[in-house]
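> need a 3D model of the sequence below.
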Amino acid sequence: MVVQAHMTKKSDQELVQRFLKGEQAGIEELINRHKDKVYTYILLIVKNQQLAEDIFQDTFIKVIKSLLNGKYRENGRFASWVIRIAHNLIIDHFRKQKQVNTFSNDDYESDIFNSRKFSEKNVEDTIIQDQITTDVRMLIDELPEEQKQVILMRHYGGLSFKEIAEQTNVSINTALGRMRYALINLRKIIERKRINLTIN
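The predicted model follows:
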């Protein structure tokens, strides 16, 4: 366990390199470091503990295989890379179950949100800070599925809007539009329920 304690001080990228050099403690520390975030993200989407655990295990099996096959290229973004692997496995699962919901690229959104004023800093940060409270997590669950998905991917997964658009097969404008509607709806829910949140 001395090695493990030493590993906790290493960056994600250093741990990746240690693992690739044959030190098992490297991957053990990476899993331990990011397991809560990854599992929470999966569970919030699939809403089934057993399924979430299965996909969580599959995620890190694929992470290990991908690392060993030299497919990791994102220095400094290990957690986001793992989340994307988890998200793809979730999509694969629902496709197999024929339960995947497809969302059309709504025309009315296409031009309205093609503006810098809807960029991350101006709109989403007014409601959702990096530290999402338990109350906000509960509120997110009340949103329409496509709006909830964007918020989960953005704030739990740490994905960019470009990455979200690619993962959900929509345009960046549509992803931004869904975020904007999600924030409008969250404001309405907060006002209706008179929930007191610390929002800058």
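> ok, residues contacting whatever helix or strand Tyr39 lives in?
Using DSSP states H and E, Tyr39 sits in helix 24-46. Contact with helix 24-46 is made by 3-4, 7-8, 10, 12, 15-20, 49, 52-53, 55-56, 59-60, 64, 67, 78-79, 82-83, 86-87, 90, 93, 137, 140-141, 149, 152, 156-157, as judged by C-beta atoms under 8 Å, 6 or more residues apart in numbering. C-beta coordinates here come from the backbone N, C-alpha and C atoms, glycine included.
> can you say which of these are buried?
The neighbour count (16 or more other C-beta atoms under 10 Å) marks 7, 10, 12, 15-16, 18-19, 52, 55-56, 59-60, 67, 78-79, 82-83, 86-87, 90, 93, 140, 149, 152, 156-157 as buried among these.
> break the protein into its domains for me.
The chain breaks down into these domains under automatic domain parsing: 2-96, 107-193.
> lowest mean pLDDT across those, which one is that?
Ranked on mean pLDDT, the bottom entry among the domains of the chain is domain 107-193, at a mean of 70.
> which residues are in contact with the most centrally placed residue in the chain?
In the chain, the C-alpha closest to the average C-alpha coordinate belongs to Gly157, at a distance of 1.9 Å (C-alpha atoms, centre = their mean). Applying C-beta under 8 Å, 6+ apart to Gly157 gives the contacts Tyr41, Ser80, Ile83, Arg84, His87.
> which parts of the protein are helices?
2-7, 12-20, 24-46, 49-68, 78-96, 107-110, 134-140, 145-151, 161-168, 172-193 (DSSP state H).
> for the last one, which positions count as buried?
Taking 16+ other C-beta under 10 Å as the basis for neighbour counts, the residues of helix 172-193 that come out buried are 172-183, 185-186, 189-190.
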